[in-house]
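Visitor: my questions concern the predicted model and sequence given below.
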Amino acid sequence: MSKNRKKKRGGDASNNQNISSQVADFFSKRKGQLFNHKQIAAKLNIRENHLKQAIIHALNDLKKKGEIEEPYTGKYRMRAKDNFIIGILELTSSNNAFVKSEHYEEPVLISQKNLNKAVNGDRVKVYMYAKREGRRAEGEVVEVLDRGKKTFVGIVEVYR
C-alpha cells in the first residue's frame with residue numbers, strides 16, 4: 001500500500017506578494033547585475049519548490065511592469081533609469097565644469113570635451129554617466145536650456 005502524503009499548495013496570495021516584494025528589493029540593491037531565478041532563490045534562502053515558482057511568477061510580473069528587463073533568456077536585471085539632471089554650469093580654471101542641481105546632492109563633473117558649447121552660468125541638461133566607486137559623478141552636457149549671458153563682446157572675423 002502506498003502512503004498518503006499531504007500535497008503542498010502553491011501558496012496564498014499574501015505569500016506571493018511577500019515574494020514579489022523580496023524580489024523587487026533584491027534587484028534594487030543589486031542594480032545592473034544579472035541573475036536567474038535559481039540564483040535569486042539561493043540568495044533569498046528559499047528552498048521550497050512552490051516558493052521558487054512564486055519567484056518565477058514575480059519575475060514575470062516585474063518584467064511586465066517594466067521594473068526589470070531580461071537581456072538574455074532567463075537572466076534578469078534592474079532596468080536602468082534615464083539619468084538626466086538639470087542644473088547651472090560653473091566653469092573652473094582648468095576648463096572643466098561642475099553642474100549643481102537641486103535634485104542631486106553633489107556637483108557633477110563635466111570634462112572640457114563634454115561641454116558641447118555650454119559656457120559659465122548656463123542652465124543645462126546633463127546626462128549622468130554610471131558612477132564609479134570612489135570617484136565623483138561625471139556627465140555630459142546634452143542640451144543648453146537657457147543661456148546665462150545673452151550678450152558677448154568681441155571681434156568676429158570672417159574668412160572667405
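Guide: That came through, no problem.
Visitor: quick one: the strands in the protein?
Guide: Using DSSP state E, the strands of the chain run over residues 68-72, 75-78, 84-91, 97-100, 108-110, 123-128, 138-146.
Visitor: so the third one versus strand 138-146, what angle?
Guide: Between the axis of strand 84-91 and that of strand 138-146 there is an angle of 90 degrees, by axes from the mean of the first three to the mean of the last three Cα atoms, to 10 degrees.
Visitor: same for strand 84-91, what does it pack against?
Guide: Packing partners of strand 84-91 (3 or more Cβ pairs under 8 Å, 6 or more residues apart in numbering; DSSP states H and E): strand 97-100, strand 108-110, strand 123-128, strand 138-146. The way it works is simple: take the backbone N, C-alpha and C, and place the C-beta from them, glycine included.
Visitor: let's have the strands of the chain in TSV, adding mean neighbour count, mean pLDDT and distance to residue 26.
Guide: As requested, these are exported to TSV (neighbours: other Cβ atoms under 10 Å; pLDDT from 0 to 100; distance: least, Cβ to Cβ, whole Å):
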stretch	mean neighbour count	mean pLDDT	distance to residue 26
strand 68-72	13	85	10
strand 75-78	18	88	9
strand 84-91	17	91	27
strand 97-100	20	93	33
strand 108-110	21	92	29
strand 123-128	20	90	24
strand 138-146	16	91	28
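Visitor: dump those strands into TSV; add distance to residue 154 as well.
Guide: Putting the strands of the chain into TSV (distance: least, Cβ to Cβ, whole Å) gives the following:
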stretch	distance to residue 154
strand 68-72	49
strand 75-78	49
strand 84-91	17
strand 97-100	21
strand 108-110	24
strand 123-128	22
strand 138-146	19
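Visitor: quick check: which of the ones you listed is nearest to residue 155?
Guide: strand 84-91 (22.0 Å; Cβ to Cβ).
Visitor: dump the C-alpha coordinates for the closest one into PDB.
Guide: Included here for strand 84-91 are C-alpha records, laid out as PDB according to Å, rounded to 0.1, in the frame of the first residue of the first chain:
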ATOM      1  CA  PHE A  84      19.300  63.200 -16.800                       C
ATOM      2  CA  ILE A  85      19.600  66.200 -14.400                       C
ATOM      3  CA  ILE A  86      19.100  69.900 -15.000                       C
ATOM      4  CA  GLY A  87      21.400  72.500 -13.300                       C
ATOM      5  CA  ILE A  88      23.600  75.500 -13.600                       C
ATOM      6  CA  LEU A  89      27.000  75.100 -15.200                       C
ATOM      7  CA  GLU A  90      30.100  76.600 -13.400                       C
ATOM      8  CA  LEU A  91      33.400  76.600 -15.200                       C
END
